[in-house]
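J.: model the structure of this input:
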Amino acid sequence: MRKVDLESGEVLQQSDLDAQYFGEGITVFGDKIYQLTWTSGDVFVYDKESFTLENTLSISGEGWGLTHDETHLIMSDGSNTLRYLDPETLDEVKSITVTDGGVSVDRLNELEFINGEVWANVWKRPTIVRIDPESGIVNSRIDLSEINQQTGMEDVLNGIAYNSATDQVFVTGKNWTDLYEIEVDETQVLSAADQGIYLKDFNVEEDAIVAAGFDYETQEDLIANVTATNDGALLFSDQGTEVEIVGLDLDEALDMMVTFQATAVGTNDLGAMQQGGAQSWCCTASYKRGAMAIRDVKELRRWHVKKSRVWQEGYHVWGRIVADKWLKKSQWAAKGTQDLFNLIMHKKITFRGLLAWVVITPPAMLIGSYIVLSQKLDRLLGRSSVRGITN
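T.: Okay, here's the model as predicted:
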């Protein structure tokens, strides 16, 4: 945590977080600074002036972004929910679901309370949504694609700061070299209300999904944003664009191989095309056996896409082998994925959860290390590389 001179960038004050923690959002509330951690459940409370650690509080679930409305702390956890917390105890007072034109807005990240609205980064998008703090409805969006400095998968837009004394708004991103002061053109309104795209005659063998705003980088990322609708269709919702496919059920979608192709519509538009049946991942195989809830599948997918390249490469191979060789054939083994989810997300230790971790994690990391190291060596020697999902 740093205090930085706005003009020169000089670090004036710094407090280092222990290496075991993944630091997330902070907010200044009164004479305190609150700092979230990603998965440990710890919230650190510092003195605003000295940066001295004064208290450690606890939350349930993941911590992503943090702000306040002068009464409550407001926290995001990577979902479509904002949680209002008592600043003394961190007990949850209430929560709101964030929607835009009736479409759920997921992956809410960094937060800032500005002029009666909650401003939120949408993870992996060059977008800020401005949220009504009572209803959860998105009033408008801010498109920051023109100042996007993302060079790697993790270098995302992920910083909003507000100086209420001067009415200045600043934005930056992970590993970015610059901090930007922005002014918002209030005459332009971007929302999802008029951007719905519905494909009623979608052919899963031939047709492609092409819609502005769909820039998923992996199949897991796409599936994390899929929900079933009441009429049995699927709803792909992200960045204010909606694609509903009638006649395609959730089980089929979870088995799809999906490729992503740039379209002629624009440089930021992507098409997703189904390529036929494929192997399952562990969580989807367990879901199909009734051993795991779909909400937990989606949460585990969101956790997965934030992990390292080594993990993603290895699990892309090994996770499917485990799913097809064991989980599809054994209800007991399938329940192990739910136990693994409880171990990862809630620190709930069971024999089956530990066994699932041993079966899945070390082999996946070894395979991923081999793929990543082979790719680097091949590039160094100018040879054809081992193909991986991040190749």
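J.: going forward, measure contacts and count neighbours with C-alpha atoms only.
T.: Will do.
J.: which residues in this structure form helices?
T.: Counting by DSSP state H, the chain has helices at residues 219-223, 250-254, 282-288, 294-305, 309-322, 331-346, 351-381.
J.: need the contact list for residue 34.
T.: Counting by CA atoms under 8 Å, 6 or more residues apart in numbering, residue 34 touches 26-28, 43-46.
J.: adding distance to residue 169, write these out as a markdown table.
T.: Shown next, in a markdown table, are these (distance: CA to CA, whole Å):
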| residue | distance to residue 169 |
| --- | --- |
| 26 | 16 |
| 27 | 15 |
| 28 | 16 |
| 43 | 25 |
| 44 | 25 |
| 45 | 25 |
| 46 | 24 |
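J.: follow-up on the earlier one: mind checking the helices of the chain for the one nearest to residue 97?
T.: When these are compared by CA to CA, helix 294-305 sits nearest residue 97, at 14.9 Å.
J.: now do that closest one, average pLDDT.
T.: The average pLDDT within helix 294-305 is 73.
J.: before we move on, what about stretch 46-63?
T.: On average, stretch 46-63 scores 92.
J.: where in the chain is pLDDT low?
T.: Applying pLDDT under 70 to the chain picks out residues 101, 150-154, 187-281, 294, 298, 302, 305, 383-391.
J.: what residues are up against the residue positioned nearest the centre of it?
T.: Nearest residue to the geometric centre of the chain (CA atoms, centre = their mean): residue 107, 4.4 Å. Contact analysis of residue 107 by CA under 8 Å, 6+ apart lists 77-80, 122-123.
J.: residue 377 versus that one, what's the distance?
T.: Between residue 107 and residue 377 the computed distance is 35 Å (CA to CA, to the nearest Å).
J.: ok, residue 78 next?
T.: Distance, residue 78 to residue 377, by CA to CA: 35 Å.
J.: kindly report the same for residue 368.
T.: From residue 368 to residue 377 the distance is 14 Å (CA to CA).
J.: got it, and residue 172?
T.: On the measure of CA to CA, residue 172 and residue 377 end up 34 Å apart.
J.: please apply the same query to residue 287.
T.: With CA to CA as the criterion, residue 287 and residue 377 are 38 Å apart.
J.: again, but for residue 165
T.: 53 Å.
J.: looking at the two, which is more packed in?
T.: Neighbours per residue, other CA atoms under 10 Å: of residue 165 and residue 377, the larger number sits with residue 377, 14 against 6.
J.: got the contact list for the more buried one?
T.: Counted by CA under 8 Å, 6+ apart, residue 377 has zero contacts.
J.: any idea how far it is from residue 369?
T.: Applying CA to CA to residue 377 and residue 369 gives a distance of 12 Å.
J.: who's in contact with the nearest residue to residue 357 once chain neighbours are set aside?
T.: Closest residue to residue 357 apart from its sequence neighbours, by CA to CA, 6 or more residues apart in numbering: residue 340 at 6.4 Å. Residue 340 makes contact with 352-354, 356-357, according to CA under 8 Å, 6+ apart.
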